[in-house]
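Novice: Quick one: sequence and predicted model below, then my questions.
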Amino acid sequence: MSQRIYISGLGIISAIGNNVEETFHSLSQARSGIGKINHLTTRYRDEFLAGEVKLSNAELADLVNDHNPQLNRNSYLAMKAAKEALVNAGIDPKDGMRTGVISSTTVAGMGKTELYYKDMVEKGTHLEVLDTHDCGDSTERIADYLGHVDYITTISTACSSAANAIMLGCRMIKQGLLDRAVVGGVDALSKFTFNGFNTLMILDREWCRPFDDTRTGLNLGEAAAFLVIEGEEALRKRGGKALAEIVGYANTNDAYHQTASSPEGFGATLAIKQALAMSGLQPSQIDYINMHGTGTPNNDLSEGTATIAVFGDKVPRFSSTKAFTGHTLAAAASVEAVFSVLSLQHNLIFPNLNFKTPMKEFNLVPETTLVQTPINTVLSNSFGFGGNCSSLIFKKA
Amino acid sequence: MNKAYINGTGCISPQHTADDAWFFDRIVAPDTDFMQAIEPSYKEYISPNLLRRMGRAIKMGVASANMALQQAQLTAVDAIATGTGLGCFEDSERFLMAMLNNEEQFLTPTSFIQSTHNTVGSQIALILKCHDYNFTYVHRGFSFESALMDAMMWFSEGKETILIGGIEEHTPCYVELNRNAGKLKNPGNIPLWKQHTTGYQIGEGGAFFAVSQHKTIHSRSVIEGVNTLYKPETPGDIMKKMHAFLERHALALQDISLVLMGFSGHSLHDKKLQEILPDLCETNQVGHYKHLCGEYHTASAFATFAANRMIEKQEIPEIVKINHKPGEGVKHILIINQYLDINYSFILVGQC
């Protein structure tokens, strides 16, 4: 149970880049990927902004070099990012070590189902879409694309999903069930989720403004991001290079409301405290917090309150990077895990874009420009519908 | 991973499982391609103001979770892990159809809120005020197995009582689409393990278990192990993995009182199980169960429920038997499940 867990590979595709290098460039240049909707078909195309991946499905198919008609946008994104992570780690999945694929998604195949469901019901056509509707589909596409897997599963806990995939991977390695795992999440944009969030009236029509007093909601985004995590023994054995260490994680439930967070941030406070306890770090030893910070009035108030509950008047430097990518739902925690590792590697804090006015309720001011400072530890939070709260702590390797 | 002692069960299925009776004596065998769950009066398990808004999957999940807790005499648990292949499909479909029919206008959030896959797990957390660990697994025929494995991992990490379950609901429209796609059939009078045609009888239901790390006065049986196997290439691969799995638990095939197999009736999906069946019948009492619950993502949760019942009563009912081997007592039941010939799993349930 004492085995340490290292991150040895990163892969990401989001609105700010198709790979880690492009992503880092956009983050360093404070260049947001949120803009006018181009690929998603919706009547709200001109009314709302979104963080779309800047490639069509056909271009994505070329990118992963797989033109199987049963692949959907979720699978393309997942395959692309998972492969990058594995290549980055320099791992051959067939080298005899036990490899897991643990992914997460909320939208799954809905992006395709919504295009054809009426035809399926009324005309009896496109029934093959049934086979790719479920959450397991994109995960199995990853496994088959990578060529070998010893364990596979998929998690769906709304906007905290990928944090939980990372956590499960860590636990399985520590228990000796796996040597390493490809962990993360994916969510492509769909009309279904777009309309769902719109009915909840938590979409901002302007650029989202996390932790700003004038914030009115989030921008949706789409992404896939995966990490290769390895136990120290497996990493040493193959002579791999650690990019960062995962030293703390926790999953709690707010148990307050199906969609809203408690005003006092009960579940969030608990998750941060438990992750800190596992890491053995004092609150004062956290150098940077990558906040969930969606830009909804409810989340940022609840998360800010929880942050103060844990850190008191010594809140570490923090920012939300949602204004770069939009809220990428199930993928958000793995997207931000990649950002956290980049922070550790480059000693940078990426800016909280679009922030101007501090919230009335407390005196929390995020970093609004790129900050170069020694970063040894990063706390990353993710919260979701159903009260799911997850916190992860990364440390310089 | 540690063992998981079953202290309480709750099951809503196409059989009369909602009460605590020996359901094998009054088997329901619908003459259709869809085995619908027999739903109890939910008022006993869920408060009326909550009940009004819940979709069927949520009702089945929350009610069977409550049954399991009541039986185990628990009002709190240290973690909740649920598995579901399609989640709250009724709510998803309702929101989807409203969106498509009204061209994205005049929508209300209720069905969207309830459409998320983790709704059942989070509703249980809300009702129990459980602030602890809460996971929802959504991987096809591994959904329940993942939740079970999670609990068994937690037991070696120190948690004491955990609620796990599997839930699946099917809407009339979803069944119709699958029917039109040629996926379903009424298996008729031919036993599922003997079928030569494609298609399966689709089923649904919810099964929850209150499990603990240590044996309690409420313990009924014990889940000794779980293992998943993704896309095995040959029947030999399954046998090899099965032997290795038993060995890890210091058991051999001769120690297994019943091998309970997940034949779905779909001849292509069942092909590998059909090939290992003769050998297993030589050595063991073999049975099957999907003629009782139908085929669905979390059918193995029903199998686990059924195995627990058989161990409690120390009886293997005729209705599940494929062959007849004289044996003494019901000590260990090995469930071998397959889903779409993609997801294979072993679950070992034993006497405690």
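Specialist: That came through, no problem.
Novice: Apart from its chain neighbours, what residue comes closest to the residue of the stretch 251-397 of chain A found nearest chain B?
Specialist: When scored by Cβ to the nearest Cβ, the stretch 251-397 of chain A has residue A:386 as its residue closest to chain B, at 2.9 Å. Bear in mind the C-beta positions are built from the backbone N, C-alpha and C, glycine included. Nearest non-adjacent residue to residue A:386, counting by Cβ to Cβ, 6 or more residues apart in numbering or on different chains: residue B:122, 2.9 Å away.
Novice: ok, that neighbour touching residue A:259?
Specialist: No. With contact defined as Cβ atoms under 8 Å, residue B:122 does not reach residue A:259; the gap is 9.6 Å.
Novice: got a pLDDT number for the one residue in the stretch 151-300 of chain B that gets nearest to chain A?
Specialist: Going by Cβ to the nearest Cβ, chain A is nearest to residue B:181 of the stretch 151-300 of chain B, at 3.9 Å. Residue B:181 is assigned a pLDDT of 98 by the prediction.
Novice: list the contacts for it?
Specialist: A:127-128, A:130 (Cβ atoms under 8 Å, 6 or more residues apart in numbering or on different chains).
Novice: The same query, at a cut-off of 7 Å, please.
Specialist: A:127, A:130 (Cβ atoms under 7 Å, 6 or more residues apart in numbering or on different chains).
Novice: Spatially central residue in chain A, please.
Specialist: residue A:332 (2.2 Å; Cα atoms, centre = their mean).
Novice: pLDDT score for it?
Specialist: Taken from the predicted model, the pLDDT recorded for residue A:332 is 98.
Novice: Can you spell out which helices and strands pack onto the helix or strand hosting it?
Specialist: Here residue A:332, judged by DSSP states H and E, is contained in helix A:332-346. Based on contacts counted as 3 or more Cβ pairs under 7 Å, 6 or more residues apart in numbering or on different chains; DSSP states H and E, the elements that helix A:332-346 packs against are strand A:5-13, helix A:20-28, helix A:161-174, strand A:180-187, strand A:223-231, strand A:288-290, strand A:377-383, strand A:388-396.
Novice: Columns mean neighbour count, distance to chain B and mean pLDDT on top of those, output as JSON lines?
Specialist: Output for the helices and strands packed on helix A:332-346, formatted as JSON lines (neighbours: other Cβ atoms under 10 Å in any protein chain shown; distance: least, Cβ to the nearest Cβ, whole Å; pLDDT from 0 to 100):
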{"stretch": "strand A:5-13", "mean neighbour count": "27", "distance to chain B": "14", "mean pLDDT": "98"}
{"stretch": "helix A:20-28", "mean neighbour count": "18", "distance to chain B": "27", "mean pLDDT": "98"}
{"stretch": "helix A:161-174", "mean neighbour count": "29", "distance to chain B": "6", "mean pLDDT": "98"}
{"stretch": "strand A:180-187", "mean neighbour count": "34", "distance to chain B": "12", "mean pLDDT": "98"}
{"stretch": "strand A:223-231", "mean neighbour count": "32", "distance to chain B": "15", "mean pLDDT": "98"}
{"stretch": "strand A:288-290", "mean neighbour count": "27", "distance to chain B": "21", "mean pLDDT": "98"}
{"stretch": "strand A:377-383", "mean neighbour count": "28", "distance to chain B": "12", "mean pLDDT": "97"}
{"stretch": "strand A:388-396", "mean neighbour count": "28", "distance to chain B": "6", "mean pLDDT": "98"}
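Novice: sorry, back to before: now find how far off-centre the helix holding residue A:332 is within its chain.
Specialist: With Cα atoms, centre = their mean, to the nearest Å as the basis, helix A:332-346 stands 9 Å off its chain's centre.
Novice: Stretch B:204-223 too?
Specialist: The gap between the average C-alpha position of stretch B:204-223 and the chain average comes to 13 Å, counting by Cα atoms, centre = their mean.
Novice: Quick check: residue B:152 vs residue B:124, distance?
Specialist: Distance, residue B:152 to residue B:124, by Cβ to Cβ, to the nearest Å: 19 Å.
Novice: Compare neighbour counts for the two and give me the winner.
Specialist: residue B:124 (25 against 22; other Cβ atoms under 10 Å in any protein chain shown).
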